[in-house]
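1. Model the structure of this input:
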Amino acid sequence: MDGILSYGVYIPFYRLSGETLRQVWGAGAKGEKAVANADEDSLTMGVEAARDCLQGMEKYAVDRLYFASTTAPFKEKQSASIIAAALDLRDDVIATDFSGSLRSGTIALQLALDAVKAGAANQVLVVASDCRIPPPSSDAELVLGDGAVAFLIGRDAPIQIERSCHLASEFIDVWRLEYDKLPRKWEDRFIVEAGYSPFVKKAVSTLLKSCNLTMKDISKACYYANDTRVHRSMVKSLGLDASQIQDPLFGRVGNTGAAFALMMLVGALEEAQKGERILLANYGDGADACVVLVAGDMGNKRGCLQRYLESKAMLDNYGKYIKFRNLMEFEQTPEHAPRTSLSQMWRERKWVYRFHGHKCQKCGKVQFPLQKYCMFCQAEEESLEEVNISDRRGTLFTFSVDERAPVADPPNVLAAVNFEDGGRFFSQMTDRDVTSIKVGMPMELTFRRIHDALGVHNYFWKCKPVR
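-> Residues are numbered from 1 along each chain as shown. As a prediction, the model looks like this:
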């Protein structure tokens, strides 16, 4: 039966605490939320979740890539096509963006299932990611967090979608206009009583009735809610027992927008046993609900969410968060103005996005970036095999720390990494605790936003300590 072949998740390294907010605004809730680094956005987080999802899978079998987000970095330019390149997928994949609604993740998931069921695709990779900016000093500032999830949809799947229900609505509660940076919203009580609550309850009740199931047949319920209070208020409305509620990760990660309900599903799947059913319900311009049946074993997929929850560092001040989210204007001197060349990026796309290097067929050495001659044995280009090295790990060979460089997350750490199978890579090191950097520590690669220039987001790869 068609369903989920694999899943992946990504939660940023940094966290912002309620205590830090209280120091600035004099008030703030307890807990913390996940914060994307200065070089991250919804696209780069989506790449990381997809890489996690594709571990152990044949990525060249993917026919389509669906990217769902309300905060895609481009208004007119596909994010899905850049993600496909960073994942080194086939050139003939259908790459599509889904946007405009917090429900876009579950909509993309359903359309992926439809494509596989219809025989239009064998495998579809669905990626949902959001990096929403809450208004400073608002109740939402500690609620909205950053994160991403990914699901690989295909045939003969161990996790199956038994049935689903979908409702569309013109109800306006949360929105952003063309040039809005921060989301707008209507009055909270009206949103819950006239929009959220009736639509979620109707979708769930209609679904269970069509499946001839009751809430007692559900082991875990993963459902969207704006915040902790609203999430708790739905327990009685849906007829749930406390043991059936999947942790929504408020106070640890936060509401991750288009990825939120699906991230809860990942948490439920990591703990689920064969034969259990999971309820997934999402809200935004209507509601989606589906019953997920765990029909088989997912193998080594357990524990990936917990790994990201535990691997973290706290932002030590609110100013750094302001700089990460570009909520203030800072001085930029001419000598540090970023530059770019779209022509050069296109010519070098195979190593800029796909991170291809060369392996010499004569001496066996790996080199990056792509070369015309082997730097070790001088073999010519026809002896050099093009290989992807983005998934390879390595060890830190050497590094330097520049305290005065004008970077958003100082200090600037430059590193040389030796790959396990040969080759060396020089780059900035990101997501690091400077006090714990040591030569020889295990390292991995991550796809990040380098800078913006000419109105274009420039992406490339960096190294980071293994999480």
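2. Could you pull up the contacting residues of the nearest residue to A168 once chain neighbours are set aside?
-> Nearest residue to A168, sequence neighbours excluded (CB to CB, 6 or more residues apart in numbering): G286, at 4.3 Å. C-beta here means a position set from N, CA and C on the backbone, and glycine is covered the same way. G286 makes contact with R103, H166, L167, A168, S169, F171, F199, according to CB atoms under 8 Å, 6 or more residues apart in numbering.
3. can you give me the strands in the stretch 201-350 of the chain?
-> 220-223, 277-283, 286-294, 313-314 (DSSP state E, counting those that start in this stretch).
4. mean confidence score for the last one?
-> Strand 313-314 shows an average pLDDT of 96 in the prediction.
5. on that earlier part again, if you rank the contacts of G286 by neighbours, which is first?
-> With neighbours defined as other CB atoms under 10 Å, the most crowded of those is R103; it has 25 neighbours.
6. Can you report phi and psi for it?
-> When read as degrees, to the nearest 10, the backbone of R103 gives phi -90, psi 0.
7. mind checking how far it is from K202?
-> R103 is 14 Å from K202, where distance means CB to CB, to the nearest Å.
8. one step back: now the strands of the stretch 201-350 of the chain as CSV including distance to C463?
-> Rendered in CSV, the data for the strands of the stretch 201-350 of the chain read as follows (distance: least, CB to CB, whole Å):
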stretch, distance to C463
strand 220-223, 34
strand 277-283, 36
strand 286-294, 36
strand 313-314, 17
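9. quick one: low-confidence parts of the chain?
-> Along the chain, the model assigns pLDDT under 70 to residues 332-337.
10. now the spatially most central residue of it, nearest residue through space, not along the chain?
-> Geometric centre of the chain, nearest residue: A148, 2.3 Å, by CA atoms, centre = their mean. Of all residues not flanking A148 in the chain, S129 sits nearest, at 3.5 Å (CB to CB, 6+ apart).
11. and what of E170?
-> Counting by CB to CB, 6+ apart, the residue nearest E170 is D285, at 7.6 Å.
12. care to break this protein down by domain?
-> Residue ranges for the domains of the chain, per automatic domain parsing: 3-324, 334-355+390-465.
13. Kindly confirm my reading that the residue nearest to the centre of the chain is in a strand.
-> Yes: looking at A148 with DSSP: H, G, I helix; E, B strand; the rest coil, it is inside a strand.
14. so it makes contact with A128?
-> Yes: A148 lies in contact with A128 (CB atoms under 8 Å); the separation is 6.6 Å.
15. and whatever helix or strand Q428 lives in, what other elements does it pack with?
-> Q428 belongs to strand 424-428 when elements are defined using DSSP states H and E. With contacts taken as 3 or more CB pairs under 8 Å, 6 or more residues apart in numbering; DSSP states H and E, strand 424-428 sits against strand 412-419, strand 456-465.
16. wait, which of those strands is closest to K185?
-> For these, the distance to K185 is smallest for strand 456-465, at 27.1 Å, taking CB to CB.
17. Overlap in contacts, A148 and A128.
-> With CB under 8 Å, 6+ apart as the test, A148 and A128 both reach G46, A259.
18. Go through the strands of the stretch 201-350 of the chain and name the closest to C363.
-> Of all the strands of the stretch 201-350 of the chain, the one in closest proximity to C363, counting by CB to CB, is strand 313-314 (40.8 Å).
19. and that closest one, how far from the chain's centre?
-> Here the centre of mass of C-alpha atoms in strand 313-314, compared against the chain's by CA atoms, centre = their mean, to the nearest Å, lies 19 Å away.
20. List the strands paired with that strand, with their directions.
-> strand 14-17 (parallel) (DSSP bridges).
21. Flag every buried residue along stretch 359-370.
-> K359, C360, K365, V366, Q367, F368 (16 or more other CB atoms under 10 Å).
22. Dump stretch 165-180 to PDB, restricted to CA.
-> The C-alpha coordinates for stretch 165-180 follow below in PDB (Å, rounded to 0.1, in the frame of the first residue of the first chain):
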ATOM      1  CA  CYS A 165     -10.500  14.400   5.200                       C
ATOM      2  CA  HIS A 166     -10.000  17.900   3.800                       C
ATOM      3  CA  LEU A 167     -11.900  21.100   4.400                       C
ATOM      4  CA  ALA A 168     -11.300  24.400   2.700                       C
ATOM      5  CA  SER A 169     -12.300  27.800   4.300                       C
ATOM      6  CA  GLU A 170     -12.100  31.500   3.400                       C
ATOM      7  CA  PHE A 171     -11.800  32.300   7.100                       C
ATOM      8  CA  ILE A 172      -9.100  35.000   7.700                       C
ATOM      9  CA  ASP A 173      -7.200  34.700  11.000                       C
ATOM     10  CA  VAL A 174      -3.400  34.900  10.300                       C
ATOM     11  CA  TRP A 175      -2.000  36.600   7.200                       C
ATOM     12  CA  ARG A 176       0.800  38.500   5.600                       C
ATOM     13  CA  LEU A 177       0.600  40.900   2.700                       C
ATOM     14  CA  GLU A 178       3.100  41.300  -0.100                       C
ATOM     15  CA  TYR A 179       5.600  43.400   1.800                       C
ATOM     16  CA  ASP A 180       4.900  42.300   5.400                       C
END
